[in-house]
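**Student:** structure for the following, please:
(2 chains)
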Amino acid sequence: TQLLEQSPQFLSIQEGENLTVYCNSSSVFSSLQWYRQEPGEGPVLLVTVVTGGEVKKLKRLTFQFGDARKDSSLHITAAQPGDTGLYLCAGAGGSNYKLTFGKGTLLTVNP
Amino acid sequence: KAGVTQTPRYLIKTRGQQVTLSCSPISGHRSVSWYQQTPGQGLQFLFEYFSETQRNKGNFPGRFSGRQFSNSRSEMNVSTLELGDSALYLCASSLFRAETQYFGPGTRLTVL
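**Tutor:** As a prediction, the model looks like this:
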């Protein structure tokens, strides 16, 4: 069974601070997705990373896929209140298109 | 392009009843997956449908079932509802059986 562990589970910071969220597993994934979810809504896809060592940037968000494709990180620079939400990582493996989700990091950015 | 739509958005049922939830995928997407989200367990995979056939199934009891129609729309059914079935049920679609999935807003089911 593939498991993804996210840390930290909760994060409360002030506007302008930087933060990093981690997603770790003992399993290898063929790709990994990051989603952000707001209360009462479905997750919204932020990025998909597929190559070990890959780095993708989305404005102030930087996503990295580990060299061994077992872990990933999300770094936010100069966080803003609009970044508040639940950040979820999800891994996919091989011919099984089922996504395995981490339990998420609930980020609160205070003005 | 319209996103994934789910109906109804909110539902209140009592124990023992059954419920049917509906999902319309993004136009052109042929794969639909269903997930259950609860505060304690997070997002858990229910099943995936592609070309009207169930391709994957998660570890849920047989009370949870689904189907997909020829236009790729999907429904999931939960029979003999239990209190623990209260959750946000999410549908996600993808082009063919791609690993990147796009989610709908979910159906919030409350079982009393």
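**Student:** need the contact list for the most centrally placed residue in chain B.
**Tutor:** In chain B, the C-alpha closest to the average C-alpha coordinate belongs to B:Trp34, at a distance of 3.5 Å (C-alpha atoms, centre = their mean). For B:Trp34, the contacting residues are B:23, B:45-48, B:66, B:74, B:76, B:89-92, by C-beta atoms under 8 Å, 6 or more residues apart in numbering or on different chains. Bear in mind the C-beta positions are built from the backbone N, C-alpha and C, glycine included.
**Student:** ditto for B:Glu82
**Tutor:** Contact partners of B:Glu82, counting by C-beta under 8 Å, 6+ apart, are B:15, B:111.
**Student:** tell me how far it lies from chain A.
**Tutor:** 22 Å (C-beta to the nearest C-beta, to the nearest Å).
**Student:** Three-state assignment for the nearest residue to B:Arg30 once chain neighbours are set aside, please.
**Tutor:** In space, and not counting its chain neighbours, B:Arg30 is closest to B:Ser72: 5.3 Å by C-beta to C-beta, 6 or more residues apart in numbering or on different chains. Assigned by DSSP: H, G, I helix; E, B strand; the rest coil, the conformation of B:Ser72 is coil.
**Student:** neighbours of B:Ser72, just the number please.
**Tutor:** Around B:Ser72 there are 21 other residues, counting by other C-beta atoms under 10 Å in any protein chain shown.
**Student:** beta partners of the residue nearest to the centre of chain B?
**Tutor:** B:Phe47, B:Cys91 (DSSP bridges).
**Student:** backbone dihedrals for the nearest residue in space to B:Gly42 that is not next to it in sequence, please?
**Tutor:** For B:Gly42, the nearest residue in space outside its immediate sequence neighbours is A:Lys103; the separation is 4.0 Å by C-beta to C-beta, 6+ apart. Here the main-chain torsion angles of A:Lys103 (degrees, to the nearest 10) amount to phi -80, psi -10.
**Student:** pLDDT score assigned to A:Lys103?
**Tutor:** Per-residue pLDDT puts A:Lys103 at 94.
**Student:** how about B:Asn59?
**Tutor:** Note for B:Asn59: predicted pLDDT of 91.
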